[in-house]
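K.L.:
Model the following, please.
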Amino acid sequence: MGAILQQPDINNLVFLHIPKCAGSTFLFILNHQYKKLPRFDVAQTAPNKSNEQLLSELSEVEREKIHLIRGHVLFKIHKHLIGTTKYITFLRHPVSRVVSLYHFMKNTPQNRLYPV
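P.N.:
Next up, the predicted model:
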């Protein structure tokens, strides 16, 4: 298991993914380091419900099993977890990020904003 959750006072890890800020690379690393850890992947959520709604509908027993949340989530998502939570995110220079996002939207047909 990865070093962050081996700290005795940390029960949960939330990767708050900001688009076009090294998230895909870090998701790959998280998958490798925490591959056996129960997780909540926001990409697998229902389209008509928020991540918070889905987590709040889980029983306490189910929520106790979740120790890793990855994806585009709000900072307050930790309120639905049991125990202490550490957040990780990456930031990028705003202009560089917007230019990268523009090229992604312009060149990725699977993106909902394509074509720009």
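K.L.:
Neighbouring strands - and their directions - for the lowest-mean-pLDDT helix or strand in the chain?
P.N.:
When the helices and strands of the chain are scored by mean pLDDT, DSSP states H and E, strand 39-41 comes last with a mean of 77. Pairing partners of strand 39-41, with direction, according to DSSP bridges: strand 68-71 (parallel).
K.L.:
CA atoms only for the strand it pairs with - export them in PDB, please.
P.N.:
What follows is the C-alpha trace of strand 68-71 in PDB, where atoms were taken according to Å, rounded to 0.1, in the frame of the first residue of the first chain:
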ATOM      1  CA  LEU A  68      -9.800   6.200  -1.800                       C
ATOM      2  CA  ILE A  69     -11.800   8.700  -3.900                       C
ATOM      3  CA  ARG A  70     -10.500   9.700  -7.300                       C
ATOM      4  CA  GLY A  71     -11.800  12.200  -9.800                       C
END
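K.L.:
now it, how far from the centre of its chain.
P.N.:
In terms of C-alpha atoms, centre = their mean, to the nearest Å, the centre of strand 68-71 is found 3 Å from the chain centre.
K.L.:
all strands of the chain, in order?
P.N.:
Using DSSP state E, the strands of the chain run over 12-16, 39-41, 68-71, 85-88.
K.L.:
quick one: which of those strands is nearest V61?
P.N.:
strand 39-41 (14.4 Å; C-beta to C-beta). C-betas here are computed from N, CA, C, even on glycine.
K.L.:
That'll do, ta.
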